[in-house]
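>>> sequence and predicted model, in that order:
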Amino acid sequence: DAGEEHDLAYIAMELLKGGDLVPFTKPGALLPEAQVVSIIARTADALGYAHKQSVVHRDIKPANIMYHLETDTVKVTDFGIARLTDSSKTKTGMVLGTPSYMSPEQLAGKKIDGRSDLFSLGTLMYEMLTLQAPFTATTEIELLFAVRDARKRPIRELRPNLHAELEIVIDRAMAKSRSQRFQSGEEFAGALQAFLDAHYPQ
C-alpha cells in the first residue's frame with residue numbers, strides 16, 4: 001500500500017522472513033547442489049515475469065535475493081535501479097549496478113534487456129556453487145575487461161563433483177554474446193528444473 005496520513009507519505013511493504021543470499025556465498029556456507037539450483041530456478045522464473053512486464057532489474061546480486069531457509073522461500077527484491085525496457089527514456093552510456101555481477105553489455109554502457117539479468121544470475125549461481133567469483137581482478141577496470149574478454153575458470157575445476165549438465169547451463173547463462181544465452185527467464189528456469197527432475201526427483 002502507499003498513501004498519505006497526516007502529511008506523512010508512506011509505503012507499506014511485505015515483511016520478509018530470512019535474509020539475503022550473501023551468507024551463502026561465504027566460506028563454510030556451501031549449500032547442497034540441488035538447493036542452489038532450486039533457488040536460482042525460482043529467481044529466473046521471477047525475472048522472466050518481470051521481463052514480460054518490460055522491467056529489467058539491472059542489479060541481480062546476492063544482497064538482492066531474499067531467502068528464508070526454514071520455509072525455502074525465495075523473493076527478488078530491490079528494483080531500485082530497474083528500467084522499463086520499452087521506455088523512450090531508456091539511455092545508453094549509463095553504467096548502474098554492481099560491477100562483479102554485471103553483464104558485458106551492461107559494463108559497456110549499452111542498452112540492455114532481460115538477458116543481462118540472466119547473465120548476472122548465472123554469475124550468482126556460479127558463486128553459490130563454488131563460493132568464488134567467476135572473474136577476479138584487483139581494480140574495477142581490470143574486472144570490466146575480465147568480464148568482457150576473459151574466460152571464467154571452469155566451474156568443475158573448483159567443484160569437481162558438480163554434475164556436468166550444470167556447467168553447460170552456467171556456461172550458456174554467462175555467454176558473452178546475448179544471442180547465445182538463455183533468451184528468457186522461463187527458459188533458464190526450465191533448464192534448471194529439467195536438471196532437478198532428472199537428478200533429484202521428488
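Happy to help now that I have it.
>>> with adjacent residues omitted, what lies nearest to residue 31?
Spatial nearest neighbour of residue 31, excluding adjacent residues (C-beta to C-beta, 6 or more residues apart in numbering): residue 24 at 5.5 Å. In this view, the C-beta of every residue, glycine as well, is placed from N, C-alpha and C.
>>> cool, residue 114 as well?
Computed as C-beta to C-beta, 6+ apart, the closest residue to residue 114 that is not its neighbour in sequence is residue 51, at 3.4 Å.
>>> and for the helix or strand where the one you found lies, what's in contact with it?
Residue 51 is located in helix 33-52, with elements delineated by DSSP states H and E. By C-beta atoms under 8 Å, 6 or more residues apart in numbering, the surrounding residues in contact with helix 33-52 are 21, 24, 31, 56-57, 60, 65, 67, 72, 74-76, 79, 82, 85, 113-114, 117-118, 121, 124-125, 128-129, 162-163, 166, 182, 184-189, 192-193, 195-196, 199-200.
>>> any stretches of the protein with poor pLDDT?
Scanning the chain for pLDDT under 70 picks out the ranges 80-97.
>>> all strands of it, in order?
For the chain, strands defined by DSSP state E occupy the ranges 2-5, 8-11, 19-20, 55-56, 65-68, 73-76, 83-84.
>>> could you dump those strands to TSV with distance to residue 109 and mean neighbour count?
What follows is these, written out as TSV (distance: least, C-beta to C-beta, whole Å; neighbours: other C-beta atoms under 10 Å):
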stretch	distance to residue 109	mean neighbour count
strand 2-5	33	8
strand 8-11	31	8
strand 19-20	27	16
strand 55-56	14	22
strand 65-68	25	20
strand 73-76	24	18
strand 83-84	13	16
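>>> of the contacts of helix 33-52, grab the buried ones for PyMOL.
Only the buried members of the contacts of helix 33-52 end up in this PyMOL selection, burial being decided by 16 or more other C-beta atoms under 10 Å:
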select buried, resi 21+24+31+56+57+60+65+67+74+75+76+113+114+117+118+121+124+125+128+129+162+163+166+182+184+185+186+187+188+189+192+193+195
